[in-house]
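# How does the following fold in three dimensions:
(2 chains)
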Amino acid sequence: MSLIDTIWNWCVDLLSNEIWFYLITTVVKLVLMFAVILAFVVLSVWIERRVAGWIQDRPGPNRAGIPLQLFQRFGSKEKQPLKEWLHFFGIPETCWIAKLCTWLRLDREIPTFGLMQPCLDGGKLFLKQELTPSYVRKVYFTIAPMLVLGPPMVAAAVIPFASSVTTDFGTINMVVANIGIGPLWIFAISGLSVYGLTLAGWSSNSKYPFLGGLRATAQLISYEVAMGLSIIPLLMVFSTLNMQDIVQYQADNGWTLLPLWGEGLSWQRWALMAPLGLSFIIFVTCVFAEANRTPFDMAECETDLVGGYHSEYSSMKFASFFMGEYAAMVIGSALVVTLFLGGWSIGFGADEALHSVCSWLAVFCQFIMFLVKLVAFIFFFVWVRWTLPRFRWDQVMKLGWLVFLELAVANIFLTAAVLYFVK
Amino acid sequence: MDFAISSILFYVFAAMTLICACAVIFARNPVTSAMNMALCFAGTAALLFGMGAQFLGIVQIIVYAGAILVLFLFVVMMLDIRTEEEDNSFSVFRSLVRMAPGALVAGVFGSMICIAALKLPGATEWNNPLCTAWDARGELCVGKQESAESKSNGLYGGALPALNPAAAAKTLNPAISNEEAAKATGMPDVKLLGQNLFSRYNIAFVILSFALLAGTVGAVALSRKIRKD
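Down below sits the predicted model:
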C-alpha cells in the first residue's frame, strides 16, 4: 500500500512541475497523433481497395483473415474448431447461427474483412529484394523516399483532434503544437515533399522517372498557389490562423459548410456561403492535386511514364513513396475536415453539453467524431479516384493557372464585398 | 530550463545555417549546392521561429524553400550542368579575375550588414558591459509599447521597447477590456506585421507589388510565341 502511495505521490509531484507536465503531455499527444496517421495510412490503403472493388462490382481483398490452421499447428488436434465450439454450446449444425458462422467463414479463419491485407502487403514489400540500378546517383536516390514520407508526418503536428481539458495540474490542449500559423505550417511543410519527388526523378538517371519528377514539381508548385489563395476567404471570416480557434469558432457558430446553429442561423452567415462554397471546391481540387491523386496523378501516369518518378525503385523504398502518398492524402483530408467540416466539433451544441457533463468524455467523443469525419473524407477521395478519368497534362496546368488562380483571387474580392456590405 | 533549451537550439541552427551556406559555395555538384541552400533556408526559418516570429519563419519556408529553390532545382536539372572540370593550369591573373567579382559582391554585402548592425540602438555605445541575452531580454525584444518591464537597466545601450502581448492586443483591438488584454499570450505577429505593412509601409508595399507584376508580365511576354497566321 505504501509503495503504491509513494509511486502515486511521485507521479503527482512530477506532474505538478510545469515543465514536466508540458513535456509528458506533449510526448503523449505526439505519439497519439503519429499512431493515428500511421494507422490511417494503412487503413486508407484498405479503404481504397475495398471501395475500388465495390465500385467495380467485385469483392476486392476480403479473404486475408487469420487462418485457423495456425491453431491446428500449435497443438489443437481438431481440424474444424467451429464444429467443436458449436457442440460445446449445444447448437445444432443446421441452425441459422451455424449457417451465419459458415457464411462469415468462421470455420476456416478468424474474419477480418480483408483488414489483414495491408499488413500482408507491407510484409511482402519488406521481404522483397532491394534492387538499386547501377546507374543511379546513390545518395539522392536513397534520401528521396525519406523526403516524401517525412513531411506529412511533421505537418500533422498542428491539426487539433479534440478540444482542451482542464486537469488539476494544468490545461491540456489536444493539439501537438498550438501555434498561431496553423494552415500555413501545413502548406509549408507538406510543400517540402516536392523535393523528394524531384530528386527521385533526377537521381534515377533515366528518362521516364525524370519526366515524372519534372511533372510533379510543376504540378505541385502550380497548385500550391491556388491552394494558398483559396483559404484566404475562410481566414477573413475566422480572422485567426490558429487551428484550435478555427475549430472552436465552428463548434460555436456552425461548421463552415453547415451553419445550422449559433451565429450560423443568421442570413448574413448564409450570404457568405457562396464564396465559402467556391473556396471549398477550389481547395479540395488543389488538395487532390497536391496529394498526387487521380485525376491529377500526372507524376506517375502509367500510360505515358511507365511508373513515373518511382519507376526505378523497389522494395521498401518504393513502399516509402507509396506510404508518403497516402500520408499526404490523410493530412489533406484532415486539413479539409478541420477548415470546412468542423474538425472535432460534434455540432448542434453537443460539445458544450458534453463538456458540462465531463470534459474527458467530451474530448473522447470529439476525437471519435474527428476520426469519423476523416474516414468519410478519405472515402470521398477514393470515390473520386475510381469515378473520374485522368486529365491530360496540359489540361492540368491550364486548370491550375487559368481557372483556379483567377477564381481564387476573384473569390477574395467577393468575400471582402460580402463581409463589407452584409455584416 | 526554457532559456537553456532555446539557446542551445539557437547555436545548433546557427551552426547548421552557416555550414550549409559554406557548402553551397564549395559543393561541386549544383544539385548538392541547391539542397544545401534549402537546408540553409530551413535553418534561418528555425532561427526566426526561435525569435517568436513564426509567420516570417513559415513564409521563409513556403516562399524560398518551397517555391523559389524548387524552381532553381528544376532549371539545374533541366540543364544538367556537368560538374566543373578540374583546371590544372595555374595563372595569377586568371585567379584574380575570377576572385574579383566575388570579393566585390561579398564586400558590398558585408559592409551593408555592418552598417545595419551599427545603426541598431545602442550598438555604438562601447562602454556598456556585455551581458547575456537573458539579462537583456527586456531590451532585445521588438514590440509595440513601453511598459514598466522595458525600462533599461543599463546592460545594453539604448533600449528597444519590450515584447508586450497585452499592449499589442490592446492596440489591435481597443474595444477589449484590460483584463482580457492581460490574458493574451504570445505576440499576434501576423496581425502586427499586416498592420505595419498596410499602413506604415503601404506605398513601398504597393510599389514592390507592381515591380513583381511587371516582372511576371515581362516573363509572359518573353516566353509567349506569337503566331503569324
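# any idea how far A:Phe126 is from A:Ile172?
Computed with Cβ to Cβ, to the nearest Å, the distance linking A:Phe126 and A:Ile172 is 36 Å. Every residue, glycine included, has its C-beta placed from N, CA and C.
# Those two: which is more packed in?
A:Ile172 (20 against 10; other Cβ atoms under 10 Å in any protein chain shown).
# So that one sits against A:Val165, correct?
Yes. Counting by Cβ atoms under 8 Å, A:Ile172 touches A:Val165, with 4.9 Å between them.
# hey, where'd the strands end up in the stretch 1-150 of chain A?
For the stretch 1-150 of chain A, applying DSSP state E, counting those that start in this stretch gives strands covering A:66-67, A:109-110.
# tell me the average confidence for the last one?
For strand A:109-110, mean pLDDT rounds to 68.
# shaky segments in the chain?
Defaulting to chain A. A:1, A:65-82, A:104-111, A:264, A:423 (pLDDT under 70).
# wait, I meant chain B there
Using pLDDT under 70, chain B drops low at B:1-4, B:80-90, B:120-188, B:226-229.
# and B:Cys22, how many neighbours?
For B:Cys22, the number of neighbouring residues by other Cβ under 10 Å comes to 12.
# what about it, helix or strand, and which?
Assigned by DSSP states H and E, B:Cys22 falls within helix B:2-26.
# And the very next helix or strand once past that helix, what does it pack against?
The helix or strand immediately downstream of helix B:2-26 is helix B:30-50, counting by DSSP H and E. With contacts taken as 3 or more Cβ pairs under 8 Å, 6 or more residues apart in numbering or on different chains; DSSP states H and E, helix B:30-50 sits against helix A:193-203, helix B:2-26, helix B:54-59, helix B:69-79.
# Identify the residues contacting helix B:30-50?
A:140, A:195, A:199, A:202, B:6, B:9-10, B:13-14, B:16-17, B:20-21, B:23-25, B:27, B:54, B:56-58, B:60-61, B:64-65, B:69, B:72-73, B:76-77, B:81 (Cβ atoms under 8 Å, 6 or more residues apart in numbering or on different chains).
# Would you confirm that A:Leu257 contacts A:Val337?
No. In this structure A:Leu257 lies outside contact range of A:Val337 using Cβ under 8 Å: 10.7 Å.
# So for the two, which residue has more residues nearby?
A:Val337 (24 against 14).
# distance of that one from chain B?
Taking Cβ to the nearest Cβ, to the nearest Å as the measure, A:Val337 falls 22 Å from chain B.
# Touching, that residue and A:Leu374? I think so.
Yes. Using Cβ under 8 Å, A:Val337 makes contact with A:Leu374 at a distance of 5.8 Å.
# so who does the residue in the stretch 301-423 of chain A that chain B sits nearest to touch?
Closest contact between the stretch 301-423 of chain A and chain B, by Cβ to the nearest Cβ, is at A:Trp401 (10.8 Å). By Cβ under 8 Å, 6+ apart, the contact list for A:Trp401 reads A:Ser222.
# for A:Val175, same thing?
A:29, A:158-161, A:243-244.
# Tell me the one among these nearest to chain B.
When these are compared for distance to chain B (Cβ to the nearest Cβ), A:Val158 wins out at 10.5 Å.
# circling back: for A:Pro59, find the nearest of the helices and strands packed on helix B:30-50.
A:Pro59 lies closest, by Cβ to Cβ, to one member of the helices and strands packed on helix B:30-50: helix A:193-203, at 33.7 Å.
# re the thing from before, tell me which of the helices and strands packed on helix B:30-50 is the most buried.
Mean neighbour count (mean count of other Cβ atoms under 10 Å in any protein chain shown) peaks for helix A:193-203 among the helices and strands packed on helix B:30-50, with a mean of 27.
# near chain B at all, that one?
Yes. Against chain B, helix A:193-203 shows contacts by Cβ under 8 Å from any Cβ of the partner chain at A:194-195, A:198-199, A:201-202.
# and that helix, what does it pack onto?
Counting contacts by 3+ Cβ pairs under 8 Å, 6+ apart, helix A:193-203 packs against helix A:138-155, helix A:207-230, helix A:315-340, helix B:30-50, helix B:69-79.
# Out of those helices, flag the one nearest B:Leu213.
helix A:207-230 (14.6 Å).
# Please save the CA atoms from the next helix-or-strand element following the closest one in CSV.
Later in the chain than helix A:207-230, the nearest helix or strand by DSSP H and E is helix A:232-238. Taking Å, rounded to 0.1, in the frame of the first residue of the first chain, the C-alpha atoms of helix A:232-238 are listed here in CSV:
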residue,chain,number,x,y,z
ILE,A,232,-7.9,33.5,-47.6
PRO,A,233,-11.8,34.0,-47.7
LEU,A,234,-12.0,31.5,-44.9
LEU,A,235,-9.4,33.3,-42.8
MET,A,236,-11.2,36.5,-43.4
VAL,A,237,-14.3,35.0,-41.8
PHE,A,238,-12.5,33.3,-39.0
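# which of the residues in helix A:232-238 are buried?
For helix A:232-238, a neighbour-count test (16 or more other Cβ atoms under 10 Å in any protein chain shown) marks A:233-235, A:237-238 as buried.
# So what touches that helix?
Against helix A:232-238 from outside (Cβ under 8 Å, 6+ apart): A:183, A:241, A:245-246, A:249, A:256, A:272, A:275-276, A:278-279, A:339-340, A:408, A:411-412, A:414-416, A:419.
# Beyond it, next helix or strand please.
Downstream of helix A:232-238, the next assigned helix or strand under DSSP H and E is helix A:243-253.
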